[in-house]
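Q: Sequence first, predicted model second:
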Amino acid sequence: MAEWPLFRQEAASGMQGMGDYPQYARVMGRIGALLQELTGDSYTLYLQDDYGRQLWQVLEEDVKKGSGSVRHLASIYEGLETKAFLYEEESGTQAPRVFPTLRNNLFFYPEHGVALAQVPVFRRQGLDTEDFIWARDDACMNGFAAYVRSRQRDTDRRRVTVYTDTREGLEIEKLSITRAVGRDEVVMDPALKTEIFRSIDEFFAGDRQFFQDYGIPYKRGLLLYGRPGNGKTTLVKSIAGSVQAPVAYWQITEHTSSYSVQQVFSHALALSPMVLVIEDIDSMPEHVRSFFLNTLDGATSKEGIFLIGTTNYPERIDPALMNRAGRFDRAYEIKLPDEAQRLQYLTLKRLGELCGDEALAAAARGAEGFSFAHMNELYVSAALRMRYEQRVDISELVAQMRADLGRAAAQVWHSADVVPKVGFR
């Protein structure tokens, strides 16, 4: 391993950027010479011609945990940071963990014959980086890409990839699934539930034989619509936690653009077969809708993607999403729960342990028109009453919540005998 930076301060003083080809060639040449010196082989520089960051995510994970599969060969520039540290509260130790930075260091995977570096670039507006990948040959590059894909799929089964459109561009975050939602926790019409999960299971069957036998394109799209709080999110969480495939969640905002649409579907294809959830699809900006629809129509844009769109306002959905095959195959209304579903939900919440089975059944009857979100609040209120008053009157709580819901619907917040005192007189 080289213990010195590839470029010392005196050598780098004339390299104020890599805008000029000679400067760029000198950096690349020095790294190529080091790789040949250490391995005896010449290396080719490769460009990752998509929006994926999977290679760098795997490298970061390996570097941070000190994996023996990757070697740190050398730092690139003297005078720039080469190490980072991180406090991990869950580890129970006071000392931070120290590891090499991705920027300004050259890393090598001996088993795969691939090297990676985020090379600092000195520009007038500040310090930037550019990503570089070297491989011994095409076979090594293809093998490493397959290895990264396998690693990412194993990791992504335990995490959800979250895409968020912001003013600065598309943000990508991977969040651990803190608690899986079981299919038995999804309370909805049994026939509809069976139909949705059957289509999910068929899509992710290992052999895909059904699609091949019947000549069906390997892509599906479902649209879930209904009032807020009726269980669309719970259904999506259950799907995410019960399929052996990566799941991504995309929150549409006013900053969604044609560029971010292209980025999201490029990422999704790299993870396929996978589930892509598009939340609040009715919020798609007007100027992006045409590009989004064209993307859905693309021959390979959804190959291997099980697309789930959700909306609380189906009347705002562009009719073109529903009136053409191949965009969303089926649309399902997630309705307000009936009495049997309310009883099932409150039983799962263990409300009967607080008030008894008779009061539980009465609550299910009395909560007609309540969403699952309202019934969850009913359970929380009952638990708090029991905690602080050692008694629960479920009928009283249901009546109070119904009155609150009536005020919210009518936008009437004051009793008739109360004169509001807010404002100027």
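A: Perfect, I can see it now. Numbering: from 1, shown residues only.

Q: what element comes up after the worst-scoring helix or strand of the chain on mean pLDDT heading to the C-terminus?
A: Lowest on mean pLDDT, DSSP states H and E among the helices and strands of the chain sits helix 9-12, with a mean of 49. Per DSSP states H and E, helix 9-12 leads on to helix 21-39 as the next helix or strand towards the C-terminus.

Q: Paired strands for whichever helix or strand comes after that next one, with orientation please.
A: Downstream of helix 21-39, the next assigned helix or strand under DSSP H and E is strand 44-46. For strand 44-46, the pairing partners within the sheet under DSSP bridges are strand 126-135 (antiparallel).

Q: what angle sits between the next helix or strand after the strand it pairs with and strand 126-135?
A: Along the chain past strand 126-135, the next helix or strand (assigned with DSSP H and E) turns out to be helix 138-156. Note on geometry: by axes from the mean of the first three to the mean of the last three CA atoms, to 10 degrees, helix 138-156 and strand 126-135 are set 120 degrees apart in direction.

Q: where in the stretch 151-300 of the chain is pLDDT low?
A: Confidence mapping of the stretch 151-300 of the chain against pLDDT under 70 gives the ranges 156-158, 177-178, 299-300.

Q: Can you list the residue ranges for strands in it?
A: Here the stretch 151-300 of the chain has its strands, by DSSP state E, counting those that start in this stretch, at 159-166, 169-176, 220-225, 247-251, 274-279.

Q: and of those, who's closest to residue 363?
A: Put simply, out of those the one that sits nearest residue 363 is strand 220-225, at 26.7 Å, with distance taken as CB to CB. Using the backbone N, CA and C atoms, a C-beta is placed for each residue, glycine as well.

Q: Look up how far residue 46 lies from the spatially closest residue to residue 112 that is not a sequence neighbour.
A: For residue 112, ignoring the flanking residues on the chain, the nearest one in space by CB to CB, 6 or more residues apart in numbering is residue 144 at 4.2 Å. Taken as CB to CB, to the nearest Å, the spacing of residue 144 relative to residue 46 amounts to 10 Å.

Q: out of the two, which sits in the more crowded spot?
A: Comparing residue 144 with residue 46 by neighbour count (other CB atoms under 10 Å), the higher total belongs to residue 144, at 22 against 16.

Q: about what we covered before: could you say which of the strands of the stretch 151-300 of the chain is packed most deeply?
A: strand 274-279 (a mean of 23; mean count of other CB atoms under 10 Å).

Q: State the paired neighbours of that strand in the sheet, together with their directions.
A: Neighbouring strands of strand 274-279 in its sheet, by DSSP bridges, are strand 247-251 (parallel), strand 305-311 (parallel).

Q: What lies in contact with the longest one?
A: It refers to strand 305-311. By CB atoms under 8 Å, 6 or more residues apart in numbering, the list of residues contacting strand 305-311 from outside reads 200, 203-204, 219-225, 232-233, 236, 239, 245, 265, 268-269, 272-282, 296, 317, 321, 328.

Q: What pLDDT does the model give the residue nearest to residue 112?
A: Per-residue confidence for residue 144 comes out at a pLDDT of 95.

Q: Could you double-check that it lies in contact with residue 109?
A: Yes - with the criterion set as CB atoms under 8 Å, residue 144 and residue 109 qualify as a contacting pair; they are 6.6 Å apart.

Q: if we can go back for a sec, right, and the strands of the stretch 151-300 of the chain - which one's nearest residue 122?
A: Among these, the nearest to residue 122 by CB to CB is strand 169-176 (23.0 Å).

Q: That closest one - contacts with which helices or strands?
A: The helices and strands touching strand 169-176, judged by 3 or more CB pairs under 8 Å, 6 or more residues apart in numbering; DSSP states H and E, are strand 159-166, helix 258-271.

Q: Tabulate these in TSV, adding columns for distance to residue 152.
A: Written out in TSV, the entries for the helices and strands packed on strand 169-176 read as follows (distance: least, CB to CB, whole Å):
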stretch	distance to residue 152
strand 159-166	10
helix 258-271	7
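
Q: quick one: which of the ones you listed is nearest residue 397?
A: Proximity to residue 397 (CB to CB) singles out strand 159-166 among those, at 34.2 Å.

Q: Who does that closest one pair with, and is each partner parallel or antiparallel?
A: Strand 159-166 pairs in its sheet with strand 169-176 (antiparallel), strand 247-251 (parallel), by DSSP bridges.

Q: out of those, which comes closest to residue 120?
A: That would be strand 169-176 among those, by CB to CB, at 21.5 Å.

Q: what's next to that closest one, contact-wise?
A: Identification of contacts with strand 169-176 by CB under 8 Å, 6+ apart yields 53, 57, 155-156, 158-165, 259-260, 263-264, 267.

Q: hmm, try it at 10 Å
A: Among residues not part of strand 169-176, those counted as contacts by CB atoms under 10 Å, 6 or more residues apart in numbering are 51, 53, 57, 152, 155-156, 158-165, 246, 248-251, 255-257, 259-264, 267.

Q: domain ranges for this structure?
A: Here the domain parsing of the chain from automatic domain parsing is 9-154, 162-333, 339-410.

Q: For the last one, what is the distance to the chain centroid?
A: The chain centre lies 33 Å from the centre of domain 339-410; the measure is CA atoms, centre = their mean, to the nearest Å.

Q: How about the second one?
A: Domain 162-333 sits 12 Å away from the centroid of its parent chain (CA atoms, centre = their mean).

Q: quick revisit: go through the helices and strands packed on strand 169-176 and name the closest to residue 346.
A: strand 159-166 (28.2 Å).

Q: The closest one: how far from the chain's middle?
A: 4 Å.

Q: Would you mind pulling the contact partners of that strand?
A: By CB under 10 Å, 6+ apart, the residues outside strand 159-166 that reach it are 152, 170-177, 237, 240-241, 246-257, 259-261, 263-264, 267-268, 271, 274-278, 285, 288.

Q: swap in stretch 347-361?
A: Residues outside stretch 347-361 that contact it (CB under 10 Å, 6+ apart): 184-185, 187, 339, 342-343, 345-346, 362-364, 366, 372, 375-376, 378-380, 382-383, 385-387, 391-395, 397.

Q: Quote the end-to-end distance of that stretch.
A: Distance between the boundary residues of stretch 347-361 (CA to CA, to the nearest Å) amounts to 9 Å.
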